[in-house]
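Trainee: Any chance you could fold what I've pasted below:
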Amino acid sequence: MQTPVVMRTCTGCGETKPSTDFYKNRRDAKCKVCVNARNQEWYVNNKAKRRATMNAVYRTNKDLAIQRYGGQCACCGETETAFLVIDHINGDGSAERRILSNYQFAKRLATQPVDRSKYQVLCANCNHAKERPGGCPHQR
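Mentor: Purely as a prediction, here's the structure:
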């Protein structure tokens, strides 16, 4: 036994379409095409607003993650958050960056349990010096 096709009229384009062309659980009576067009238009018109919001959320998550992991460089003791980064202790950061964006990584560290065996806070100088022959000057 087949279910009858229910037809609905879209308030956006005015066309009568089958109910499968509408999103479920939507309060407005616009079809998927009209909803997607409206979303795409908003996306294009609010690019700067979206970027500013995403940057603010990223900065908040990164600062929270840095505080959760000690709030200072594990090598030299630098506390200025503008200079601090999260370091992968085992050097597997490139593999993780292939999977997660910086935004996703910061969100994960801000929300998941702290794992000090995998991550640490370093200042940018100590983080870069760690890869040089002889390592960081603070460790010599």
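
Trainee: ok, now how distant is the most centrally placed residue in the chain from residue 110?
Mentor: Taking Cα atoms, centre = their mean, the centroid of the chain lies closest to residue 103, which sits 3.0 Å from it. Applying Cβ to Cβ, to the nearest Å, the value for residue 103 to residue 110 is 11 Å. (Glycine included, C-beta is placed from N, CA and C.)

Trainee: hey, what's in contact with both of the two?
Mentor: Both residue 103 and residue 110 are contacted by residue 61, under the criterion Cβ atoms under 8 Å, 6 or more residues apart in numbering.

Trainee: quick one: buried residues of the helix or strand of the chain with the lowest mean pLDDT?
Mentor: Lowest on mean pLDDT, DSSP states H and E among the helices and strands of the chain sits helix 93-99, with a mean of 87. Neighbour-count burial for helix 93-99, counted by 16 or more other Cβ atoms under 10 Å, picks out residue 93.

Trainee: pLDDT averaged over the helix or strand just after it, what's the number?
Mentor: Downstream of helix 93-99, the first helix or strand assigned by DSSP states H and E is helix 102-111. Per-region confidence: helix 102-111 scores 92 on mean pLDDT.

Trainee: Repeat that for stretch 56-70.
Mentor: On average, stretch 56-70 scores 95.

Trainee: now swap in stretch 26-46 and tell me
Mentor: 91.

Trainee: Let's see the biggest helix by length in the chain as PDB, backbone CA atoms only.
Mentor: As assigned by DSSP state H, the longest helix anywhere in the chain is helix 47-68. Provided in PDB are the C-alpha atoms of helix 47-68 (Å, rounded to 0.1, in the frame of the first residue of the first chain):
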ATOM      1  CA  LYS A  47      30.800  37.000   5.200                       C
ATOM      2  CA  ALA A  48      32.600  39.500   7.400                       C
ATOM      3  CA  LYS A  49      30.200  39.000  10.300                       C
ATOM      4  CA  ARG A  50      30.600  35.200  10.100                       C
ATOM      5  CA  ARG A  51      34.400  35.500  10.000                       C
ATOM      6  CA  ALA A  52      34.400  37.800  13.000                       C
ATOM      7  CA  THR A  53      32.200  35.500  15.000                       C
ATOM      8  CA  MET A  54      34.300  32.400  14.100                       C
ATOM      9  CA  ASN A  55      37.500  34.200  15.000                       C
ATOM     10  CA  ALA A  56      36.100  35.300  18.400                       C
ATOM     11  CA  VAL A  57      34.900  31.700  19.200                       C
ATOM     12  CA  TYR A  58      38.300  30.300  18.100                       C
ATOM     13  CA  ARG A  59      40.200  32.900  20.200                       C
ATOM     14  CA  THR A  60      38.000  32.100  23.300                       C
ATOM     15  CA  ASN A  61      38.500  28.300  22.800                       C
ATOM     16  CA  LYS A  62      42.200  28.700  22.300                       C
ATOM     17  CA  ASP A  63      42.600  30.900  25.400                       C
ATOM     18  CA  LEU A  64      40.500  28.500  27.500                       C
ATOM     19  CA  ALA A  65      42.600  25.500  26.200                       C
ATOM     20  CA  ILE A  66      45.800  27.400  27.100                       C
ATOM     21  CA  GLN A  67      44.500  28.100  30.600                       C
ATOM     22  CA  ARG A  68      43.500  24.500  31.100                       C
END
